[in-house]
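Trainee: Return atomic coordinates for the entry below.
(one chain, ligands or ions: 1)
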Amino acid sequence: MSTNCSRETCSRWLQRWLRSVTRDLSAVCFVAQRSRLPSREALMKIILRLILACSLCSVITSSGAAQATPAESGQASPVVLITGSNRGIGLALAKEYAKSGWRVIATCRDPGKASELTSLAAAHPNVVVEALDVASEPSIAALVAKYRGKPIDVLVNNAGTSGNYAGQVPGQFDETAFTEIMRVNAFAPLRISTAFLDNVSASEQRKIIAISSGRGSVSKPFLERGRTSTT
Ligand SMILES: NC(=O)c1ccc[n+]([C@@H]2O[C@H](COP(=O)([O-])OP(=O)(O)OC[C@H]3O[C@@H](n4cnc5c(N)ncnc54)[C@H](OP(=O)(O)O)[C@@H]3O)[C@@H](O)[C@H]2O)c1
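Mentor: Numbers count the residues shown, from 1 in each chain. Prediction:
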């Protein structure tokens, strides 16, 4: 809303500038016809106005192109599905896509507890909140069935867990914790990408994004141990 208002205001300013510049140029032509040169001050004023009008014109053109939402530019809004969008980076992405006019399928494990996300959906009709536990096959299957045949332009595999890897050092591996981290961070993106492959293939943009982290590196606990080692 504020973007539209400021663009309208700028357009009005620009129109006023152009009108005054046209007036000045007409005046120059008029005096030139009568063989009288305009004063140095008048010429400086005209040049200054021309420069300002050109700068304003280019700013409005470039900002308009960068900020136009798909709906504003008359295109069908693309669709993005984001995993783990109830907090952190996933929530921030959902907000940005919603603001840009995309249709957002914002997924999270428990929509009942995702108050910020449900508020976002209440404020933006282009956002729907769906339940999705990326480590649960039945949860994935339910969402896939719901969206069968519907294109998804961008699939963002964002859900992730840090787990508790502090004690994951040789001789003390916690296999349950390790398996959970691998299920959510490594296997789930493959599973989700495969599950929604038909939806992404049927879309215009066909993009699958995986957000990874240095914590995805199996060597990290060893490297950290090496750094803190006193031996
Ligand atoms: N923050 C950083 O500095 C950073 C840097 C590099 C990469 N990353 C990557 O960016 C992604 C998001 O990071 P973040 O900092 O926003 O993390 P975060 O605040 O810890 O949020 C993680 C999100 O993943 C969700 N999640 C965890 N397990 C899930 C599961 N089984 N099913 C569905 N959702 C699940 C969480 O939902 P719940 O609320 O239900 O747990 C939460 O929404 C992660 O993949 C992370 O590795 C982050």
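Trainee: Tell me the residues of the chain that contact the ligand?
Mentor: Counting by CB under 6 Å from any ligand atom, the positions of the chain adjacent to the ligand are 83-84, 86-90, 108-109, 133-135, 158-161, 184, 211, 213. For every residue, glycine as well, the C-beta is placed using N, CA and C.
Trainee: Make a PyMOL selection of the buried ones in these.
Mentor: In PyMOL, selecting the buried portion of the residues of the chain next to the ligand, with burial taken from 16 or more other CB atoms under 10 Å, looks like this:
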select buried, resi 83+84+86+90+108+109+133+134+135+158+159+160+161+184+211
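Trainee: Take the residues of the chain next to the ligand and keep only those in strands.
Mentor: Restricting the residues of the chain next to the ligand to those inside strands, with DSSP state E as the criterion, leaves residue 108.
Trainee: just checking, which of the residues of the chain next to the ligand belong to helices?
Mentor: Secondary structure defined by DSSP state H assigns 88, 89, 90 of the residues of the chain next to the ligand to helices.
Trainee: So the last one sits against residue 157, correct?
Mentor: This points to residue 90. No - using CB atoms under 8 Å, residue 90 and residue 157 do not qualify as a contacting pair, with a distance of 10.0 Å.
Trainee: Between the two, which contacts overlap?
Mentor: Listed contacts common to residue 90 and residue 157 are residue 83; contacts here mean CB atoms under 8 Å, 6 or more residues apart in numbering.
Trainee: Now do stretch 87-96: everything it contacts.
Mentor: Residues lying outside stretch 87-96 but in contact with it, judged by CB under 8 Å, 6+ apart, are 80, 82-85, 104, 106, 108, 114, 116-117, 120, 127, 156, 158-159, 211.
Trainee: what's the answer for stretch 155-171, then?
Mentor: With CB under 8 Å, 6+ apart as the criterion, stretch 155-171 contacts 80-85, 89-90, 93, 134, 174, 177-178, 180-181, 184-185, 188-189, 192-193, 196, 199-200, 207-211, 213, 215, 220-222, 225.
Trainee: How about stretch 189-198?
Mentor: 81, 83, 134, 137, 140-141, 144, 147-148, 152, 155, 157, 200, 208, 210.
Trainee: So if we follow the domain assignment, how does this structure break up?
Mentor: In terms of domains, the chain is parsed into 2-67, 79-223 (source: automatic domain parsing).
Trainee: Worst mean pLDDT among these?
Mentor: When the domains of the chain are compared by mean pLDDT, domain 2-67 comes last with a mean of 53.
Trainee: Count the neighbours of residue 104 for me.
Mentor: 29 (other CB atoms under 10 Å).
Trainee: just residue 72 next, same as before
Mentor: The number of residues near residue 72, taken as other CB under 10 Å, comes to 12.
Trainee: The residue lying closest to it once chain neighbours are set aside and the ligand, how far apart?
Mentor: Here the nearest residue to residue 72 in space, its sequence neighbours aside, is residue 101; by CB to CB, 6 or more residues apart in numbering that works out to 7.1 Å. According to CB to the nearest ligand atom, to the nearest Å, residue 101 and the ligand sit 23 Å apart.
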